[in-house]
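S.K.: Fold the stuff below for me.
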Amino acid sequence: MSVAFLVNDFPLLSESFVINQVVGLIERGHKIDVYTLHKRQPGVSELLHRDVERCRLLDRTHRAITVPENRWLRALKACGLLMANFRRNPKFCWRWSKAVLLGEGTNLLQLLYVAAPLLGKSHDIVHCQFGTIGLTGLKLHRLGAIRGKLITTFRGHDISQYVRTHGNRVYENLFKIGSMFITNCRFFERRLLKLGCDPARLAVLPSGIDCTRFTPGNWVGRRDNGLRLVTIGRLVEKKGIEYALRAVAEFAAARSDIDVTYAIVGDGPLWEPLRRLISELRLSDSVTMLSWRNHQQIIDILRDADVFLGPSVTGVDGNQDAPINTLKEAMALELPVIATWHGGIPELVQDGMSGLLVPERDADAIADKLDYLANHRDIWTRMGRAGRAYIDAHYNLHALNDELVNIYRKALT
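M.R.: From the prediction side, this is the model:
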C-alpha cells in the first residue's frame, strides 16, 4: 500500500503520534511519503528521535517549495512550476490556471507551491493529519493534485478551537468528499457526529505508545520525604501549567516537611510568562524549566519523577485536548497522575484507580490531591500498576497501527 501523509511540519517531538504511525506503516511493509505544508527544517532534538535516523524518515519527507517574498518573483516562479509540471499532471495545471483566471478560491498561489512536490505522484491513501490540513487536502483533491483516497484525522484544536472560530459548517464539504475520518477519542467523535460526519465513515483510533520502551524506574525514592513532580507539554494556555504552579506553591507552603521539586519540560509562547510566575510565587529554588528534549531524555525525566501533573484546561479560544501522549507515557511508567476533567482526558485516567482527576483551573484541588498522595504513598504502586495495565489494554501502539491499516483497507473497498 502506498500512503502519503500530509502534515504541517515533520518530524515534531510534540507530534510523536505522527512519527509513530509513519514508523508503524513502514515496519508493516507499506510505502510511505510525508509531505509538509511548510519549509521549516527539523531541530537538533527532533533529529535525535531514534526512529528518525533508524527509519531514514527525512529521506521520505518532501517539504513545500519556498514562496518568494517578492510578488513578481512569486508569479515568475509559479509560471516555472506550471511549465515544469505540465506533463506530470496536466489536469492540475489546467484546473489551477482556470481557477486563477476566474478568481475562484483563495490562496491559490500558496496552494501551487504546496502541490508541486505531489504532482505526478500516485498514492492509494492520502492521510491528512488534523482537520485543518484535511481542508487543504480537499482543495488539492478538487484541483487534481492528489490521487488516492482522502482520509483525515481530527486530534484536538481542529475540532474545538477551529470550529468555534470558523463555524459548525467549516468541514461540511470535507465530510462529503473524504473517504474516511478518524478521531482519537470518544469525546471528539461525539463532536464530529454533531457536525454532520457520516458515522459509517468515522473511526475512533487513539494515539498509541510503544509500551516496550517504558519500563518503570527505581521507586526507592518514593519512600523518602521528597515529592518530585513533572509536566511535559507545549507551553500554551490549554496545558494549564499556571494552575499547577499555583498548586505547587500552595502545597509547598503548607507542607514544609516535604522537599517538593517540579520539572516543566517543553517550549512555547508562555515560556517567559511562566518564568515570571515562578518568580512571583517564590518557586525559583524548586521549579526547573527545561526546553524540549529528545524522546529518550523525556523517558529518563519521567523515570526520575514521582507524580505527573497534567492540568489541561479549555482555552479561551475553545481549544481542548484529547488523551495526551505524555500522560500515557507517564502511566506506562507506573507514575501516579493528577489530571483534569477536560476533553478526552477522563477516557484515559480512571479517577481514583489509575490517577486522580480535578476540575479545570482549580489550583486548590490540585494542591489537595498532592497532599493526598503525599500522605498515602502506599497507594502509588497500586495506582501506577493500574495505569500501566490500562495503557497496555487500550493504547498499545502496535495493535493500533494494525487497526490503522484496517481503516485504510476499508477506505479502499
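S.K.: low-scoring pLDDT stretches of the stretch 301-413 of the chain, where are they?
M.R.: Residues of the stretch 301-413 of the chain meeting the criterion pLDDT under 70: none.
S.K.: Just the strands from it, written as ranges.
M.R.: Ranges of strands within the stretch 301-413 of the chain are 307-310, 337-340, 356-358, based on DSSP state E, counting those that start in this stretch.
S.K.: who touches the nearest residue to Ala64 once chain neighbours are set aside in this structure?
M.R.: Distance criterion CB to CB, 6 or more residues apart in numbering; nearest residue to Ala64, sequence neighbours excluded, is Val114 at 4.9 Å. All C-beta spots, glycine's among them, are computed from the backbone N, C-alpha and C. Neighbouring residues of Val114 by CB atoms under 8 Å, 6 or more residues apart in numbering: 35, 37, 64, 136, 140.
S.K.: Next, count neighbours for the third one.
M.R.: Just to be clear, that refers to Ala64. Number of residues near Ala64 (other CB atoms under 10 Å) recorded here: 20.
S.K.: Pretty sure Pro68 sits against Ala75.
M.R.: No: using CB atoms under 8 Å, Pro68 is not in contact with Ala75; the gap is 9.1 Å.
S.K.: thinking again about what came up before, need the next SSE after the helix or strand hosting the residue nearest to Ala64, C-terminal direction.
M.R.: Under DSSP states H and E, the secondary-structure element containing Val114 is helix 108-115. Using DSSP H and E, the helix or strand that follows helix 108-115 towards the C-terminus is strand 125-129.
S.K.: Just the angle for whatever helix or strand comes next after that following strand relative to strand 125-129, thanks.
M.R.: Next helix or strand after strand 125-129 toward the C-terminus (DSSP H and E): helix 131-143. Here helix 131-143 runs at an angle of 150 degrees relative to strand 125-129 (axes from the mean of the first three to the mean of the last three CA atoms, to 10 degrees).
S.K.: Okay, angle between helix 131-143 and helix 108-115 too, please.
M.R.: Using the same axes, to 10 degrees: helix 131-143 against helix 108-115 is 90 degrees.
S.K.: Which other helices and strands does the next helix or strand after helix 131-143 contact?
M.R.: Going down the chain from helix 131-143, the next helix or strand is strand 149-154, by DSSP H and E. Applying 3 or more CB pairs under 8 Å, 6 or more residues apart in numbering; DSSP states H and E, we find strand 149-154 packed against strand 125-129, helix 131-143, strand 180-183, helix 397-412.
S.K.: Which of those sits closest to Leu335?
M.R.: Leu335 lies closest to helix 397-412 among the helices and strands packed on strand 149-154, at 18.7 Å (CB to CB).
S.K.: now the angle from the closest one to strand 125-129?
M.R.: 120 degrees.
S.K.: low-confidence ranges in the chain?
M.R.: Using pLDDT under 70, the chain drops low at 40-49, 105-106, 218-224.
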